[in-house]
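Colleague: Below: sequence and its predicted model.
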Amino acid sequence: MAAKHFLDLSDAGGDAIAAMLADAQDRKAARLGWPKGKADADAPLAGHVLGMIFEKNSTRTRVSFDIGMRQLGGTSLILDSGTSQLGRGESIADTARVLSRMVDAIMIRTDDHAKAEELAHHAHVPVINGLTDRSHPCQIVADLLTMVEHGKALPGLEVAWLGDGNNVLHSILEAAGIFKFNVRVGTPQGYEPDPEFVAMARANGAQVTLTQDAAEAAAGADIVVTDTWVSMGQEHVHNKLAAMAPFRVDAKLMARAKPDARFLHCLPAHIGDEVSAEVFESDQSIVFDEAENRIHAQKSILLWCFGKL
Ligand code: CP
Ligand code: NVA
């Protein structure tokens, strides 16, 4: 049977992601208060090894996949481009074929999405996208889990995105099409998301509004989301930061959203840039639940890839 890759949310689809969210909630509840490295009672991935390739920095993705594998009864190892032969030019195709003989699944964080696709093409084991310049699907499974945990029903939800039209937004748009929620995207001109993701969300039944008016984007939102204005690998351009300033999520902008709106940020955050300290530290902010949920989401994604969900 062909390996089940998770390069984008559509690889799994709505039913499988709904099953992931349910499984993640069950497993999270079942191990409440346990030491974080202790395996779940059923240890469904006992004996399995995840190989993780990092061509970019990471805290959450790295730790949550490692701890997630331990909780499923397995283990993980890390290859970074600086110390592996990938960094000296060994091809992705050969790397995929070698790792497929040595580990049971591969996670890759890289720049060009085509590299993750090429890895998946040549691998005989599941390949998971741990972030590319194009998308960040693992983050959005954790975000959906966090929204649901905080009592938000996904269909019809009003999600406001403020700031840069980046990889995280792309995966939110993909999720919007799958779960039929609506996204109001507020970006400066020239920083809109890839039209392909907007078209996909709309074709799948989500309402997507693109605006250059931050207040319009935030108005009536159930969820307000932002991310760094400068993603990994991008240049720190002064013009961009100046253009982004009106899209900073501050108390005034949050006041435009519904009174019970929640604030999400995949982290790392740049306080005072994309979000004010007041909003980040407020009761509306659920960013640390969101960060913890990376573990629970990752576990469900892994189980899906191994055909165990
Ligand atoms: N949100 C996220 O992916 O964090 P890391 O870059 O720390 O993995
Ligand atoms: N958009 C950010 C997300 C970091 C988790 C980046 O790509 O750097």
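Modeller: That came in fine, so what should we check first? Numbering: from 1, shown residues only. Ligands and ions are numbered 1, 2, ... in the order given.
Colleague: list the helices and strands the lengthiest helix in the chain packs on?
Modeller: Taking DSSP state H as the criterion, the chain has its longest helix at helix 287-305. Packing partners of helix 287-305 (3 or more Cβ pairs under 8 Å, 6 or more residues apart in numbering; DSSP states H and E): helix 14-30, helix 60-71, strand 127-129, helix 137-149, strand 262-265. In this view, the C-beta of every residue, glycine as well, is placed from N, C-alpha and C.
Colleague: The fourth one close to ligand 2?
Modeller: I take that to be helix 137-149. No - Helix 137-149 is not in contact with ligand 2 by Cβ under 6 Å from any ligand atom; minimum separation 6.6 Å.
Colleague: Check the gap between A12 and I53 for me.
Modeller: Look at A12 and I53: by Cβ to Cβ, to the nearest Å, they are 21 Å apart.
Colleague: Taking the stretch 51-200 of the chain, what residue is nearest to ligand 2?
Modeller: Using Cβ to the nearest ligand atom, N166 is the residue of the stretch 51-200 of the chain that sits closest to ligand 2, at 4.5 Å.
Colleague: In contact with that residue, which residues?
Modeller: With contact set as Cβ atoms under 8 Å, 6 or more residues apart in numbering, N166 has these partners: 193, 227-228, 231.
Colleague: quick one, phi/psi of it?
Modeller: phi -110, psi -170 (degrees, to the nearest 10).
Colleague: roughly how far apart are it and A277?
Modeller: According to Cβ to Cβ, N166 stands 22 Å off from A277.
Colleague: Check T59 too.
Modeller: Counting by Cβ to Cβ - T59 and A277 are separated by 20 Å.
Colleague: same check, this time on V127
Modeller: 38 Å.
Colleague: These two - which one has more neighbours?
Modeller: V127 (29 against 11; other Cβ atoms under 10 Å).
Colleague: Would you confirm that that one contacts I106?
Modeller: Yes - counting by Cβ atoms under 8 Å, I106 is a contact partner of V127 at 5.0 Å.
Colleague: near ligand 2, which residues of the stretch 1-150 of the chain?
Modeller: Proximity of the stretch 1-150 of the chain to ligand 2 (Cβ under 6 Å from any ligand atom) is limited to residues L131.
Colleague: all strands of this structure, in order?
Modeller: With DSSP state E, the ranges of strands along the chain come out as 49-54, 75-80, 105-109, 127-129, 158-162, 182-186, 208-211, 223-226, 262-265.
Colleague: Give me the nearest residue to T187, chain neighbours excluded.
Modeller: Leaving out its chain neighbours, the residue that sits closest to T187 by Cβ to Cβ, 6 or more residues apart in numbering is G165, at 4.8 Å.
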